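Colleague: Pasting a predicted model and its sequence here:
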Amino acid sequence: MSKVKIPKTSVSIDMTPMVDMAFLLVTFFILTTQFRPDEPVQVSTPSSTSTSNPPEHGKVIITIAPDGRVFFDLDNQLFRSNLIQKMAESYGMTVNQDEINAFATGGSIGVPMKQMKDYLDTPASDRKDYVQTGIPVDTTEYLSNELSVWLVNARIAGNNPMILIKGDSKANYPNVKNVFTTLAKKNVLRFGLITDEEAMPKDLPK
Amino acid sequence: MAELGESGDVHKGKGKKRGGVRAKKMSTRIDMTPMVDLGFLLVTFFILTTTMSQPKAMQVVMPDKKIKDPEEKSKIRESEAMTILLGSNNRIFYYYPKQGEELKMEVTYFNKIEKILIDKNKEVLALQRANNWKLPTDTAFNGVYIGIKPTDDSKYENMVNMLDEMKICGIKSYAILDPTPEEIAILPK
């Protein structure tokens, strides 16, 4: 039996268009990506139809974790170094330059002032694993409600920043209410809630 | 790859023409596989690390509890008001306050609340138009006044969703309030 000859075809493909596309995508993603700073807790915010963007700079973010822990963040390094000095003053502590730098370059913070020095003295590489118990929030007006002290000092140090609350969808309302009450006591009645974007429903009942 | 390595020995072979030594033409094709690999690795990396959706901020104005002006409170008529309580398991309880009547709440869920809100808003607007209930400072009729009262069993998400419903349904006046003990007492568990 004679064999049917299959003509040999070249297996090499011209990959130039593919390479072009791949690098176009790479360029696009390099240009659009923004690296998020390390956050001590993962929060998934609820979604809303709001379309206004939070300001890029000059904002305080109060994070409420699903388990109710509260974290505080001010966004500018200069403001942050002022803030930690003012906080130390309020609680009668002294902070050295290393500790100020450690705070200024960090992100959200969720340690009570009692542990603050201990936290800031931990080497930078281990700080990620430091167990942050959250900022104490209760409904008193004294120093034991540390969130209100943070707030007062951040408004001075941060040149009147915008206050934003970033709560987890599954956070229990009493935890959120404590934060609201603290804000109200410090006369912060206008603030923003950080949400994900959601499309406006189209089939509204008329 | 073979294509590249074949520049070879030009003096090999027999049928060489006499005369000048001619360099064999080099292939211009390069194997691009490693480059493509790297390219797609980078694409994958950036796709995974990038956050496309920018967070949005929802503006909230809380009522000032320090103002205890009784006149301010009595401005809202009973027929213009509605109270919404946010309960456990994403349940919504609502009622229309009436003096001297027993509190009775209806239960509903987030997928049905829009119709209730829009209907009530229309009803109140019609009432306000008929009676010309309008503050001298207002340019338009206000519609229904809603008190949103999240209970301790509700989640943060419930409150945000309810505030969002206000915007979706075009309700202008609403406030986040604390539930009263009477309301808590009759709330089904």
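Modeller: Perfect, I can see it now.

Colleague: C-alpha only now, for contacts and for neighbours.
Modeller: Noted.

Colleague: Go through chain A and flag its longest strand.
Modeller: Counting by DSSP state E, the longest strand found in chain A is strand A:190-197.

Colleague: Show me what that one is packed against.
Modeller: Applying 3 or more C-alpha pairs under 8 Å, 6 or more residues apart in numbering or on different chains; DSSP states H and E, we find strand A:190-197 packed against strand A:47-48, strand A:162-167, strand B:56-61.

Colleague: my guess is residue A:94 contacts residue A:88, does it?
Modeller: Yes: counting by C-alpha atoms under 8 Å, residue A:94 touches residue A:88, with 6.0 Å between them.

Colleague: which of these two has more neighbours?
Modeller: Taking neighbours as other C-alpha atoms under 10 Å in any protein chain shown, residue A:94 and residue A:88 compare with residue A:88 leading, 15 against 12.

Colleague: list the contacts for the more buried one?
Modeller: By C-alpha atoms under 8 Å, 6 or more residues apart in numbering or on different chains, residue A:88 lies in contact with A:94-95.

Colleague: isn't there a strand covering it?
Modeller: No: under DSSP: H, G, I helix; E, B strand; the rest coil, residue A:88 falls outside any strand and is assigned helix.

Colleague: quick one: pLDDT of residue 115?
Modeller: Defaulting to chain A. Note on residue A:115: pLDDT of 87.

Colleague: To clarify, I was referring to chain B.
Modeller: 88.

Colleague: re earlier: identify whichever of the helices and strands packed on strand A:190-197 lies nearest to residue B:162.
Modeller: For those, proximity to residue B:162 was assessed by C-alpha to C-alpha; strand A:47-48 is nearest, at 9.7 Å.

Colleague: now what about that closest one, what contacts it?
Modeller: By C-alpha under 8 Å, 6+ apart, the residues outside strand A:47-48 that reach it are A:195-199, B:58, B:160-161, B:164.

Colleague: Quick check: next helix or strand after that strand?
Modeller: Following strand A:47-48 in sequence order, the next helix or strand is strand A:59-64 (DSSP states H and E).

Colleague: Return the distance of residue A:12 relative to chain B.
Modeller: Using C-alpha to the nearest C-alpha, to the nearest Å, residue A:12 is found at 9 Å from chain B.

Colleague: Count residues in the vicinity of that residue, would you?
Modeller: Look at residue A:12: counted by other C-alpha under 10 Å, it has 7 neighbours.

Colleague: Kindly report the same for residue A:100.
Modeller: A count of neighbours around residue A:100, defined by other C-alpha under 10 Å, yields 17.

Colleague: near chain B at all, stretch A:64-78?
Modeller: No: Stretch A:64-78 is not in contact with chain B by C-alpha under 8 Å from any C-alpha of the partner chain; minimum separation 9.5 Å.

Colleague: Check the offset of that stretch from the chain's centre.
Modeller: 7 Å (C-alpha atoms, centre = their mean, to the nearest Å).

Colleague: What of stretch B:112-131?
Modeller: Stretch B:112-131 sits 25 Å away from the centroid of its parent chain (C-alpha atoms, centre = their mean).

Colleague: Low-confidence bits of the chain, can you list those?
Modeller: Chain wasn't specified; assuming chain A. For chain A, applying pLDDT under 70 flags the ranges A:1-3, A:34-38, A:140-141, A:204-206.

Colleague: looking at chain B here, not the other one
Modeller: Checking chain B against pLDDT under 70 turns up B:1-20, B:51-53, B:65-75, B:136, B:138, B:189.

Colleague: for chain A, what are the nearby residues on it?
Modeller: B:32-33, B:35-36, B:39-40, B:42-43, B:46-47, B:49-51, B:53-64, B:114-115, B:118, B:150-157, B:160-161, B:164, B:168.

Colleague: Let me see the ranges of the helices in chain A.
Modeller: Under the criterion DSSP state H, chain A carries helices at the ranges A:16-32, A:77-90, A:97-104, A:113-121, A:124-127, A:146-157, A:173-185.

Colleague: try chain B
Modeller: Assigned by DSSP H, the helices in chain B fall at B:2-5, B:33-49, B:70-74, B:110-131, B:156-168, B:181-186.

Colleague: Just send those back as a markdown table, with mean neighbour count too.
Modeller: Formatted as a markdown table, the helices of chain B follow (neighbours: other C-alpha atoms under 10 Å in any protein chain shown):
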| stretch | mean neighbour count |
| --- | --- |
| helix B:2-5 | 10 |
| helix B:33-49 | 15 |
| helix B:70-74 | 9 |
| helix B:110-131 | 16 |
| helix B:156-168 | 20 |
| helix B:181-186 | 11 |
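
Colleague: could you dump those helices to JSON lines with distance to residue B:99?
Modeller: What follows is these, written out as JSON lines (distance: least, C-alpha to C-alpha, whole Å):
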{"stretch": "helix B:2-5", "distance to residue B:99": "93"}
{"stretch": "helix B:33-49", "distance to residue B:99": "57"}
{"stretch": "helix B:70-74", "distance to residue B:99": "13"}
{"stretch": "helix B:110-131", "distance to residue B:99": "18"}
{"stretch": "helix B:156-168", "distance to residue B:99": "25"}
{"stretch": "helix B:181-186", "distance to residue B:99": "14"}
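
Colleague: Go through these and name the closest to residue A:76.
Modeller: That would be helix B:33-49 among these, by C-alpha to C-alpha, at 23.2 Å.

Colleague: Adding distance to residue A:75 and mean neighbour count, write the helices and strands packed on strand A:190-197 out as JSON lines.
Modeller: Formatted as JSON lines, those follow (distance: least, C-alpha to C-alpha, whole Å; neighbours: other C-alpha atoms under 10 Å in any protein chain shown):
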{"stretch": "strand A:47-48", "distance to residue A:75": "23", "mean neighbour count": "23"}
{"stretch": "strand A:162-167", "distance to residue A:75": "11", "mean neighbour count": "24"}
{"stretch": "strand B:56-61", "distance to residue A:75": "16", "mean neighbour count": "19"}
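
Colleague: I'd like those laid out as a markdown table, including distance to residue B:78.
Modeller: Conversion of the helices and strands packed on strand A:190-197 to a markdown table gives the following (distance: least, C-alpha to C-alpha, whole Å):
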| stretch | distance to residue B:78 |
| --- | --- |
| strand A:47-48 | 30 |
| strand A:162-167 | 33 |
| strand B:56-61 | 23 |
